[in-house]
Structure formats: structure tokens, C-alpha cells
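Colleague: Quick one, fold the following:
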Amino acid sequence: MLAALILGLGGTSLYLNRDWFASEDIHVIHTSRPGRNRPQGRGAEASLVNPVIFGINKKLELTSVKVIPVSDLQTNKYPHPVWSLISDSNSVPVSSFPYGLTLRGMRPAIKGARAEPLQPGVNYR
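Modeller: Sure thing, here's the model as predicted:
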């Protein structure tokens, strides 16, 4: 009887404290700051928006990164990402990264693809 009581209390304790074993939520933030290094010279394209930097609440080895316009998500079954990276093996743990650059250990999902310029007033996910 005592063993059943101890097992019951132990099971109840584990059930009530199950968040101890749950994985931590991943929070992704973004920030946009005026760029210091604006492109100059012939053929250089000036972006219409400030550079965007993504941040994560802890260092992670990312397996894929996609940026998709919200309007495409709402209207298309298969939305077109404006930036898409994948990792074939081991990516380097990161806690922040800028939009459009290739991260160490990752490559564009489509060979030779580049990030499309972001447009002002468009929501992205």
C-alpha cells in the first residue's frame, strides 16, 4: 500500500511539473537599423528598406531559414520564399543573423539563388 502511495505521489508530481521536461520555446525577433555601408559605384543597387537582422533567444544550429511574404501565404498553396537557406550537414550555432547573407554551414535551397530585396510596407513571415 505504501509503495502504491509513493508511486501515485511521484506520478502526480511528474504530471504537475511536466514543463521541466518540455523543450524551451524558440523566440525569433527582428530589428531594422539604418545601414552604414550603402552600396556605391556603378551597378550598385540601393535597397529601399534598412537592413534587417534576426535574433533568436538562444544559440541554435539552424536546419533551414525561409522568409515569405504574408500575402503569398494567404493566397498560394505553395508560397514562393524571397530568401531560403538549408543546411546539408552541420550549421554553425547562431543567435543572430542578417537578412540575405549566407550563414556558415548553410547554402541557398536553390543553387545560385540570392535573397530578393525586401519591399517597404510588405509583411513577411
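Colleague: alpha carbons only for contacts and neighbour counts from here, please
Modeller: Noted.
Colleague: May I see the buried residues of the lengthiest helix in the chain?
Modeller: Longest helix in the chain, counting residues (DSSP state H): helix 2-16. Buried residues in helix 2-16, counted by 16 or more other Cα atoms under 10 Å: none are found.
Colleague: now do stretch 90-110
Modeller: Going by neighbour count (16+ other Cα under 10 Å), the buried part of stretch 90-110 is S91, S96, Y99, G100, T102, L103, G105, M106, R107, P108, A109.
Colleague: Of the residues you listed, which belong to strands?
Modeller: Judged by DSSP state E, strands contain the following of those: S96, R107, P108.
Colleague: how near is E116 to S23?
Modeller: Distance, E116 to S23, by Cα to Cα, to the nearest Å: 33 Å.
Colleague: okay, the two: which has more neighbours?
Modeller: Legend: neighbour count by other Cα atoms under 10 Å for E116 and S23, higher for E116 (13 against 7).
Colleague: now the chain, which segments are flagged as low pLDDT?
Modeller: Within the chain, the stretches with pLDDT under 70 are 20-22, 35-48.
Colleague: remind me, longest strand of it?
Modeller: Using DSSP E to define each element, the chain has its longest strand at strand 52-60.
Colleague: beta partners of the residue lying closest to V70 once chain neighbours are set aside?
Modeller: Using Cα to Cα, 6 or more residues apart in numbering and skipping residues adjacent in sequence, the residue nearest V70 is Y124, 5.2 Å away. Legend: beta-bridge partners of Y124 under DSSP bridges are P69.
Colleague: What degree of burial does Y124 show, as a neighbour count?
Modeller: Y124 has 16 nearby residues by other Cα under 10 Å.
Colleague: distance of it from H80?
Modeller: Taken as Cα to Cα, the span from Y124 to H80 is 12 Å.
Colleague: who touches both of those two?
Modeller: Here Y124 and H80 have I68 as joint contacts, going by Cα atoms under 8 Å, 6 or more residues apart in numbering.
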